[in-house]
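**Student:** Compute the structure for the input listed below.
(one chain, ligands or ions: 2)
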Amino acid sequence: MKGWRVMDIRQGIPVSTGITIGEVFLLEAEGVRIPLHFIPKKDVDRETARLEKAFENALAELKNLADDLSAKAGRKIAEIFFAHVGMLADESFRGEFFGRISDKLYTAEFAVARTMRHWRSIFQKDGFMAPRVTDLDDLEKRLLRHLLGQKREELSNLKSEVVLVSHDLSPSQIATVDAGKVKGFATDAGGPTSHTGIIAAALGIPAVVGLGTITNEVTGGDTIIVDGSQGIVVVEPDKETRRRYSQKRKAAMKSDQVLLRELKDLPSETKDGHHISLMANIESPREIGKALKHGADGIGLYRTEFLFVGSDSIPSCDDHYRAYMDAVKSLEGRPLVIRTLDLGADKFNSHQPALKEHNPFLGLRSLRYCLKNPEVFEEQLRAILRASASGKLSVMFPLVGGVEELKAANAILAEVKVQMKRDGEEYDSQMPVGTMIELPSAVMGADALARNCDFFSIGTNDLIQYALAVDRGNEHVADMYRPEHPAVLRMISMTVDSAKRANIPVSLCGEMASAVIYTVLLIGLGITSFSLAPPQIIPEVKKIIRSINMSDARDLARAVSSAEDADHARDLLTEANEKIMKAAGIPSL
Ligand code: PEP
Ligand code: MG
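**Tutor:** Ligands and ions are numbered 1, 2, ... in the order given. Below is the predicted model of the structure:
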C-alpha cells in the first residue's frame, strides 16, 4: 500500500555510530505518534466523519479563543486566531484533507499530517509566507489533539520502539529519553561534536544530525534507516535497501564482537612496546560497566554536569558524592578523572537557565561559571575530595583560559581541603589536578599551566571550535570543522611539548580520540593516553595500536603536520589509514 512513496536518501553528519531501522516519531507533531496510516475502503465514511468532527471542534475552540482574546486584549492581538479560523473554514484547504482519506485511503490523522507537510513545504518556499509555517504547526497540533484525544502516545510514555526525528534536540531532552524505546535520532540541525551527539553515543543510540530539512520529509510512522556511521538516513527504504542495511548491521555487530573477544585482555601497546592507555568518557556512572566490558583501563573524562542537565534541582554535596562513589565502586581501583562542572553554553538545567548572552560559547560557561559561583563549585570539590579517600581519583578543570584561572581554581580547592581537615573529613591529599586544554590561550600558556597542575587533557571538541572559530554544533559550518587542520595539529604538538618540558602526562579526550583515522597520527604527535567514547570503539583502536611501530607513527605525524592545508593532511591520512587498517586486518564495512 505504501509503494507509491519514493525512497529518499539524505546525507547528514554522523555523530553516533551504528545502524537502526525503525518507525519515525516526529517530535514536532505535538510530540505524538500517528498509530495507523491506512484504512480499508469500507471505512472511508467513518474516517471522514472523524475528521469532520475534529474540524468542528477545532473551529469552535479557535472561535472561543479569538473572541476571548479580542475582548481582553483587542482584535489586533487576536488576529492570529481569526486567521486560523479562516484557514480551517476555507473550502479548498479543507478539501485537501478529505481528499486524502477518500482517494488515498489515509487515516484522518495521517491525512492531517500529510496535508500539513505539503503546505509547510509550499510556505517555506515563499518568502512572504515562510514565517506562517508555525501557524500550520499549531493547526496540525490542534487537529491531532482532537483526533487522538486520550489515545495520544507521547514521547515520555512510548509503548514501542521508535526513531526520533526532530529539528534539534537539546542535551537535556536527549538525556531524558527512554533509551529502551528510542532506537535512533535524526535531526535537521546540529554539528559534528555537539553534546547531543555525544550523549547519543553514550547511550549507544545511532544518530545523524545536520540533515537540513528531514522534519519536512517524514511523517510519523514512516520507516527510516539511520546509519550513524556514515551519516546517512534513508526514508521509506525499498525492500532491497532494507535488506542491505540489516545485513550491514549484523556484520558490524559481529565484527565488533570478534574484535572484542580477540583483544579485550591483550595489552594496548605498539609492536615495539610503547604502552598507550585507553580510557573511556562517561556522562553517568551507569556507563562504566559497558566501558570495562570493552577493555577500558579506567575513566578519563567524567562529564559531571550531567548530574545537573535534565534535572530540576541543584545537586547537593551528598548527591555528587553518591554519584562519585557509585563510579569508584564500579571501577574497583581503576583510575577515575572527574571533570568539574562544564555548565553553560548549550548545557543548562532549570536552576541555571540560559543567560541572555549574545555569544554563549564565549560567555559565562564552564570554569568561568564555577569561579563566579564558588558556592556551587565548593560543594562539588568537597564531594570529589571525599570520594578521593576511597578510590584512585583525579580532578580536572574544563575550559581553562590561562594560569590566573587555574590558580583561582586551585586556591578554592586548597580552601576546601583546609575546611575538610578542620572538620576531620578524609581525602587524598595527593589527588592529581589536571587542566583541560581547550582554548588557544591555554595552548599558548601551556608552560605556565603545566607548572601549576599535574596533568593535561586535551579537549579537542572545544579546541577545534575555538582555534578555527567554527561552532561545533552548527551544521552550516560543519565542513569547516577540521581536526586535521594544520593549526589544530600544531596546537596539539605544542601542548605535548609543554607537558614534556614539565614532565607531566598528557591525554586527549575529545571526539578526535575516538575517530580511528587519527589514532596513529595522535600517537605520533606524542599522545600516550586516549579517553574514548563510545567504548565499543576501544577494541578497534587497540588493534590499530598493536599493529604499528612508534617510528611509523612519528613518520606519519611528521608528514601530516607538514601538510599545507587540511585537505592535503586528510588525503595523507586517508591513504595511510587504508594501509594501517589492512595491515591490522580490520575489515572496512
Ligand atoms: C572537549 O571539548 O573536547 C571535551 C572533551 O569536552 P566537551 O565535549 O564536554 O565540551
Ligand atoms: Mg569541552
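**Student:** Those residues of the protein touching ligand 2, which are they?
**Tutor:** 438, 459, 462 (Cβ under 5 Å from the ion). Any C-beta I mention is one placed from the backbone N, CA and C, and that applies to glycine too.
**Student:** helices or strands up against the longest helix seen in the chain?
**Tutor:** Among the segments of the chain that qualify as a helix by DSSP state H, the longest is helix 44-73. Contact analysis of helix 44-73 by 3 or more Cβ pairs under 8 Å, 6 or more residues apart in numbering; DSSP states H and E lists helix 75-89, helix 91-104, helix 108-125, helix 133-148 as its packing neighbours.
**Student:** Could you export those helices to CSV, including columns for mean neighbour count and mean pLDDT?
**Tutor:** Putting the helices and strands packed on helix 44-73 into CSV (neighbours: other Cβ atoms under 10 Å; pLDDT from 0 to 100) gives the following:
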stretch, mean neighbour count, mean pLDDT
helix 75-89, 15, 84
helix 91-104, 15, 94
helix 108-125, 20, 88
helix 133-148, 19, 83
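**Student:** Take these and lay them out in JSON lines including distance to residue 260.
**Tutor:** Formatted as JSON lines, the helices and strands packed on helix 44-73 follow (distance: least, Cβ to Cβ, whole Å):
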{"stretch": "helix 75-89", "distance to residue 260": "56"}
{"stretch": "helix 91-104", "distance to residue 260": "48"}
{"stretch": "helix 108-125", "distance to residue 260": "42"}
{"stretch": "helix 133-148", "distance to residue 260": "44"}
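**Student:** Let me know which of these is the nearest to ligand 1.
**Tutor:** With Cβ to the nearest ligand atom, the closest approach to ligand 1 among the helices and strands packed on helix 44-73 belongs to helix 133-148: 31.8 Å.
**Student:** now the helices for the stretch 201-350 of the chain?
**Tutor:** 214-217, 239-263, 288-293, 317-331 (DSSP state H, counting those that start in this stretch).
**Student:** Among these, which comes closest to residue 534?
**Tutor:** helix 288-293 (7.9 Å; Cβ to Cβ).
**Student:** Just the C-alphas of that closest one, formatted as PDB.
**Tutor:** Only the C-alpha atoms of helix 288-293 are listed here, as PDB (Å, rounded to 0.1, in the frame of the first residue of the first chain):
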ATOM      1  CA  ILE A 288      31.100   2.200  33.500                       C
ATOM      2  CA  GLY A 289      30.100  -1.400  33.200                       C
ATOM      3  CA  LYS A 290      30.000  -1.200  29.400                       C
ATOM      4  CA  ALA A 291      33.300   0.700  29.300                       C
ATOM      5  CA  LEU A 292      35.100  -2.000  31.300                       C
ATOM      6  CA  LYS A 293      33.500  -4.800  29.300                       C
END
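**Student:** name the helices or strands packed onto it?
**Tutor:** Right, helix 288-293 is packed against strand 277-282, helix 317-331 by 3+ Cβ pairs under 8 Å, 6+ apart.
**Student:** Any chance you could list what contacts that helix?
**Tutor:** 204, 260, 280, 282, 299, 327, 330-331, 334, 534-535, 538 (Cβ atoms under 8 Å, 6 or more residues apart in numbering).
**Student:** Just the closest of these to ligand 2, please.
**Tutor:** Distance to ligand 2 across the contacts of helix 288-293 (Cβ to the ion) is lowest for residue 282, with 14.7 Å.
**Student:** Let me see the contact set for the closest one.
**Tutor:** 202, 288, 291, 299, 301-303, 327, 533.
**Student:** cool, residue 273 as well?
**Tutor:** Per Cβ under 8 Å, 6+ apart, neighbours of residue 273: none.
**Student:** Would you list the phi and psi of it?
**Tutor:** Dihedral angles of residue 273 (phi, psi; degrees, to the nearest 10) stand at phi 90, psi 20.
**Student:** quick revisit: and the two most separated of the contacts of residue 282?
**Tutor:** 327 and 533 (15.2 Å).
**Student:** Now tabulate the residues of the chain next to ligand 2 in TSV and tack on distance to residue 561, neighbour count and pLDDT.
**Tutor:** Below are the residues of the chain next to ligand 2 laid out as TSV (distance: Cβ to Cβ, whole Å; neighbours: other Cβ atoms under 10 Å; pLDDT from 0 to 100):
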residue	distance to residue 561	neighbour count	pLDDT
438	20	28	98
459	20	29	98
462	21	24	97
